[in-house]
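In: Just need the structure, nothing else, for what follows:
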Amino acid sequence: MAYHPKILYHFPEEAGEPWLPSNGTEGMEFTAAFCDNCLYERWTHHMEENREEDKCAILSEAFLGDTQPKEWQYDDEGYPHCTKWTQFDWSGDDDDPDSDDPNLPKPIPVGPNQLYLWPLTPNESDFNDSTEKISTGSETRKEREKEPQTAQAE
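Out: Next up is the predicted model:
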């Protein structure tokens, strides 16, 4: 038997029977475990374009159709699952049989220095290139402009 997430609850006596969520929370748990991590729901993985071929027909049927998806069943142990579910490879490895498909999303490149973009505890001097006193904001604009002119005149 193939691996699939074991979520919600299980009823061994319901093994092989159709499954339908009884409320929205149950449905959200199911789609988070299965649909959001499935190869067939490509729209979830890149969300850049609204293309029909990226949407899973089973999930669309569940939300919009009048019939219960026949792929949503209790497994042999009585856990709800989708029989068509194929785990999406988040690692970006090319060991997936459909990896040559140009419609599959490409992994977002991550720079080697990404963790060092911003200091964890910034110093005030990191944001001030000059040696001038940093304004506290209590003086008016005219007072700030007047100070350098007075110093030059003396």
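
In: residues contacting residue 62?
Out: Each residue near residue 62 by Cβ atoms under 8 Å, 6 or more residues apart in numbering is listed here: 27, 68, 69, 72. From N, CA and C alone the C-beta is placed, and that goes for glycine too.

In: Pull up the distance across stretch 25-39, start to finish.
Out: Start-to-end span of stretch 25-39 (Cα to Cα, to the nearest Å) is 23 Å.

In: Can you give me the buried ones in it?
Out: Under the neighbour-count criterion of 16 or more other Cβ atoms under 10 Å, stretch 25-39 has 26, 30, 31, 33, 34, 35, 37, 38, 39 buried.

In: Which ones among the residues you listed lie within strands?
Out: Using DSSP state E, no member of the buried residues of stretch 25-39 sits in strands.

In: Can you lay out those as CSV showing pLDDT?
Out: Formatted as CSV, the buried residues of stretch 25-39 follow (pLDDT from 0 to 100):
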residue, pLDDT
26, 87
30, 87
31, 86
33, 86
34, 86
35, 85
37, 83
38, 85
39, 81
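
In: pLDDT weak spots in the protein?
Out: Residue ranges of the chain with pLDDT under 70: 1-4, 8, 43-54, 90-101, 103-154.

In: does residue 59 sit in a helix or strand, and which one?
Out: If you go by DSSP states H and E, residue 59 is part of helix 57-64.

In: what's whatever helix or strand comes next after that helix in contact with?
Out: Sequence-wise, the next helix or strand downstream of helix 57-64 (DSSP H and E) is strand 72-74. Residues outside strand 72-74 that contact it (Cβ under 8 Å, 6+ apart): 10-11, 14-20, 30, 58, 62, 80-83.

In: cool, and stretch 6-19?
Out: Contacts with stretch 6-19, where a contact means Cβ under 8 Å, 6+ apart, come from 26, 29-30, 33, 68, 70, 72-81.

In: okay, how far is it across that stretch, tip to tip?
Out: One end of stretch 6-19 to the other measures 14 Å (Cα to Cα).
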